[in-house]
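# Next comes the sequence, and after it the predicted model I'd like to discuss.
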Amino acid sequence: MNDQINVLECPHCGFSFKAPFAFMYVDIKANFAVWWEPQHDPSVDTDTQGFARMFGAGSFYATAPRVQDWEEFKRTINRYYSGELVGGPVEKMNFGIGSNKKGGCLGTLLLLLLSSISIYLIS
């Protein structure tokens with residue numbers, strides 16, 4: 001919340017700016033996620049479809065709001081923490097493990113990555 005995420009700084013002159021790359025804020029314990037998407041990113045569409053397959057169409061991963069404005073992004077996160085917004089529960093955990101489809105390892109890796117990111121963001 002101190003505006004330091006996605007900030008790049010030149011080590012020589014000190015010029016800094018917020019990189020316009022989408023990312024997802026996740027709080028697993030509070031069951032919510034929010035995308036910061038400063039400009040439309042087709043990979044967020046793909047990620048959302050994958051989350052729906054892995055966790056269920058109503059899960060907080062699949063229904064995470066996509067917010068373009070930075071200040072609105074922070075307000076949206078706070079609305080979840082205040083109880084004004086509520087995320088949907090994870091309905092299933094389907095990573096393709098034990099099936100003939102490839103990608104089960106990728107799904108597991110994604111879950112571990114999201115878990116570690118959310119722990120970092122909450123800390």
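Thanks, I have the structure now.

# Residue 34 against residue 24, yeah?
Yes: the criterion here is CB atoms under 8 Å, and residue 34 meets it with residue 24 at 7.1 Å. (Each C-beta comes from the backbone N, C-alpha and C, glycine too.)

# any idea which element the spatially most central residue of the chain lies in?
The residue lying closest to the centre of the chain (CA atoms, centre = their mean) is residue 24, at 2.2 Å. Using DSSP states H and E, the element containing residue 24 is strand 23-27.

# List the contacts of the helix or strand following that strand.
Where DSSP H and E defines the elements, the next helix or strand beyond strand 23-27 is strand 32-36. The contact list for strand 32-36 (CB atoms under 8 Å, 6 or more residues apart in numbering) reads 6, 22-27, 44, 60-61, 64-67, 70, 73, 76-77, 80, 85-87.

# could you give the angle of strand 32-36 to strand 23-27?
Note on geometry: by axes from the mean of the first three to the mean of the last three CA atoms, to 10 degrees, strand 32-36 and strand 23-27 are set 160 degrees apart in direction.

# How confident was the prediction at residue 119?
On pLDDT, residue 119 comes in at 45.

# about what we covered before: what's the overlap in contacts for residue 34 and residue 24?
Common contact partners of residue 34 and residue 24 (CB under 8 Å, 6+ apart): residue 64.
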